[in-house]
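**Q** pasting a predicted model and its sequence here:
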Amino acid sequence: MPSDPSGDDLFQAGLKARREVLGDDYVNQVLQKQPNSFTQPFQDLVTKTAWGMVWTRPGLTRAQRSMLNIAMLAGMNRPDEFKLHLRGAIRNGVSKAQVQEILIHMSMYYGMPAAVSAFKIADEVLKDIEDVPDRKSKL
């Protein structure tokens, strides 16, 4: 049975941040797709800790957190999460030029194979975002 974290302040703060960074469509899809006794505890954990405890901390801006995420996810070769967080980074105000610099910088520490994959994925995602009229101004 899925838990009901509606009274949990950290969960609610995390859910708000998660929606603002990743978008309502994605969050709704994940939360509706995985409401079972096996996966729900993990979704609660991610929302409460990663989003409610870490993403809401005051020490870094959301754009800075997004820049760190895309560098780490690209370097770890996690394409699904990289795509998701790249879109979030753009939503958080990270520019196309900054993405380029992040990936060039990341290539020196994670290696060229990771950078080759990251640039390929980023190019596809950024082209897709450029096709969305209301997001052009963010690039």
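**A** Ah, there it is. Residues are numbered from 1 along each chain as shown.

**Q** show me what contacts the residue nearest the centre of the chain?
**A** In the chain, the centroid-proximal residue (Cα atoms, centre = their mean) is residue 85; its distance is 2.6 Å. Applying Cβ atoms under 8 Å, 6 or more residues apart in numbering, one finds that residue 85 lies in contact with 66, 69-70, 73. In this view, the C-beta of every residue, glycine as well, is placed from N, C-alpha and C.

**Q** please redo it, this time with the cut-off set to 6 Å
**A** Taking Cβ atoms under 6 Å, 6 or more residues apart in numbering as the contact definition, residue 85 lies against 69-70, 73.

**Q** can you redo those residues as JSON lines with pLDDT and secondary structure?
**A** Formatted as JSON lines, the entries for the contacts of residue 85 read as follows, by pLDDT from 0 to 100; DSSP: H, G, I helix; E, B strand; the rest coil:
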{"residue": "69", "pLDDT": "97", "secondary structure": "helix"}
{"residue": "70", "pLDDT": "98", "secondary structure": "helix"}
{"residue": "73", "pLDDT": "98", "secondary structure": "helix"}
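
**Q** show the buried residues in these.
**A** Buried by 16 or more other Cβ atoms under 10 Å: 69-70, 73, out of those.

**Q** rewinding a little: skipping adjacent residues, who's closest to the residue nearest to the centre of the chain in space?
**A** residue 69 (4.4 Å; Cβ to Cβ, 6 or more residues apart in numbering).

**Q** which SS class is residue 58?
**A** Of the three states, residue 58 takes coil according to DSSP: H, G, I helix; E, B strand; the rest coil.

**Q** and it, how many neighbours?
**A** The burial metric for residue 58, expressed as a neighbour count using other Cβ atoms under 10 Å, is 5.

**Q** likewise for residue 74?
**A** One way to gauge burial is a neighbour count; for residue 74, by other Cβ under 10 Å, it gives 27.
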